[in-house]
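Trainee: return atomic coordinates for the entry below.
(chains A, B and C)
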Amino acid sequence: MELRRGPWSVEEDFVLMNYISHHGEGRWNSLSRCAGLKRTGKSCRLRWLNYLRPDVRRGNITLEEQLLILQLHSRWGNRWSKIAQHLPGRTDNEIKNYWRTRVQKHAKQLKCDVNSKQFQDTLRYLWIPRLVERIQASKISNNNSSSETQQPVQLMNNNNNSILITSVTPENSSVATSSENSNQDYYQVNQSDQLWFEDYQAMDQQNNIELWMDNEDIFNNLCNNEDIWSLLEH
DNA sequence: AAATCTGCCAACCGCGATCAG
DNA sequence: CCTGATCGCGGTTGGCAGATT
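Mentor: The predicted model follows:
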């Protein structure tokens, strides 16, 4: 039997959805045959998981989701399926596409490799905190009560060639992180030994941005579809 | 207005892991 | 235990639409 390739038709989608609704997913090769689809099992699986499955989320990646992607990628690297497990309704393919088209583009603009320590540090110490700050600001301006439990972070040069990351209380939440100063801090850090990294890890254990990942409300305020990259550039 | 470029995203491919006989 | 089949993941490609030249 000749296998079909390329985009799925509406009829094929219907057949696949109908079959899975009656028989469940899995055993993709036999599923494809039994459903009468001229597609590989692999193709059926991909179509279902990335497009047809009812809990797939559509629309732009939100600020919160962008933050999660950055944080999780800094920890796990290109383990897209693992990252996707923490973004309900988003597929590994979607996250991978987002990363490649948006994040890698900015690495290119900075003339550094996306996997280089320099770029990873830029993400971790400059862009992630600024994104957290931005989200926090948007929540405060929205009078969102859930913001009380979430704290922004602040970047400080502690005169020891390391960057100190501290939480910021609501009363002094106007965090100053001009790109010039932060870049200067960043390059000083780059010349230092491993102390800064240990500092960060220690803070990581206590009260820093990782708290965000565990907040159950994080997906309850998906109000904002702004793009962090345009925000961070200006 | 036409040609070219760019961003986006669905789909395919290769490979290693896992499963089943 | 071995081997072929299948699955799942990450990398890559191709095509479309909108932006730019």
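Trainee: please count neighbours and contacts with C-alpha atoms only from this point.
Mentor: OK.
Trainee: helices of chain A, residue ranges please.
Mentor: A:10-23, A:28-35, A:41-47, A:63-76, A:80-84, A:92-98, A:104-109, A:117-121, A:128-141, A:179-190, A:195-206, A:210-213, A:228-233 (DSSP state H).
Trainee: how about the fifth one: buried residues?
Mentor: Yep, that's helix A:80-84 we're talking about. A:80, A:83-84 (16 or more other Cα atoms under 10 Å).
Trainee: who's in contact with it?
Mentor: A:69, A:72-73, A:76, A:90-93, A:95-96 (Cα atoms under 8 Å, 6 or more residues apart in numbering).
Trainee: just the buried members of the residues you listed?
Mentor: A:69, A:72-73, A:90-92, A:95-96.
Trainee: dihedrals phi and psi, A:V114?
Mentor: Dihedral pair for A:V114: phi -60, psi -20, per degrees, to the nearest 10.
Trainee: should've said A:R79
Mentor: Residue torsions, per degrees, to the nearest 10, at A:R79 are phi -90, psi 80.
Trainee: mean pLDDT lowest for which of the helices of chain A?
Mentor: Mean pLDDT values for the helices of chain A show the minimum at helix A:179-190, a mean of 28.
Trainee: so which bits of chain A are right by DNA strand B?
Mentor: Neighbours of DNA strand B within chain A, by Cα under 7 Å from any atom of the strand: A:4-8, A:43, A:46-47, A:50-51, A:59-60, A:93-94, A:97-98, A:101-102, A:105.
Trainee: buried ones only from those residues, please, as a PyMOL command.
Mentor: Remark: buried members of the residues of chain A next to DNA strand B, expressed as a PyMOL selection using 16+ other Cα under 10 Å:
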select buried, chain A and resi 43+47+50+98
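Trainee: ok, which of the residues of chain A next to DNA strand B also contact DNA strand C?
Mentor: Applying Cα under 7 Å from any atom of the strand to these, those adjacent to DNA strand C are A:93, A:97.
Trainee: got the domain ranges for chain A?
Mentor: A:10-52, A:63-72+A:115-233 (automatic domain parsing).
Trainee: could you report the neighbour count for the residue lying closest to A:M17 once chain neighbours are set aside?
Mentor: Leaving out its chain neighbours, the residue that sits closest to A:M17 by Cα to Cα, 6 or more residues apart in numbering is A:L52, at 7.1 Å. Residues lying near A:L52 (other Cα atoms under 10 Å) number 16.
Trainee: before we move on, what about the one 5 residues further on?
Mentor: When counting by other Cα under 10 Å, one arrives at 15 neighbours for A:R57.
Trainee: what do you get for A:L131?
Mentor: Residues near A:L131, counting by other Cα under 10 Å: 23.
Trainee: my guess is it meets A:L68, correct?
Mentor: No - using Cα atoms under 8 Å, A:L131 is not in contact with A:L68; the gap is 10.4 Å.
Trainee: the closest residue to A:S30 other than its chain neighbours: neighbouring residues, count only.
Mentor: Leaving out its chain neighbours, the residue that sits closest to A:S30 by Cα to Cα, 6+ apart is A:G41, at 7.3 Å. When neighbours are defined as other Cα under 10 Å, A:G41 has 18 of them.
Trainee: cool, and A:L16?
Mentor: The burial count for A:L16: 22, using other Cα under 10 Å.
Trainee: wait, doesn't it sit right on A:C44?
Mentor: Yes - the pair A:L16 / A:C44 is scored as a contact, 7.4 Å apart, by Cα under 8 Å.
Trainee: contact partners for the closest residue in space to A:R5 that isn't next to it in sequence?
Mentor: Nearest residue to A:R5 in three dimensions, chain neighbours excluded: A:R39, at 7.1 Å (Cα to Cα, 6+ apart). By Cα under 8 Å, 6+ apart, the contact list for A:R39 reads A:3-5, A:32.
Trainee: that's all I had, so thanks and see you.
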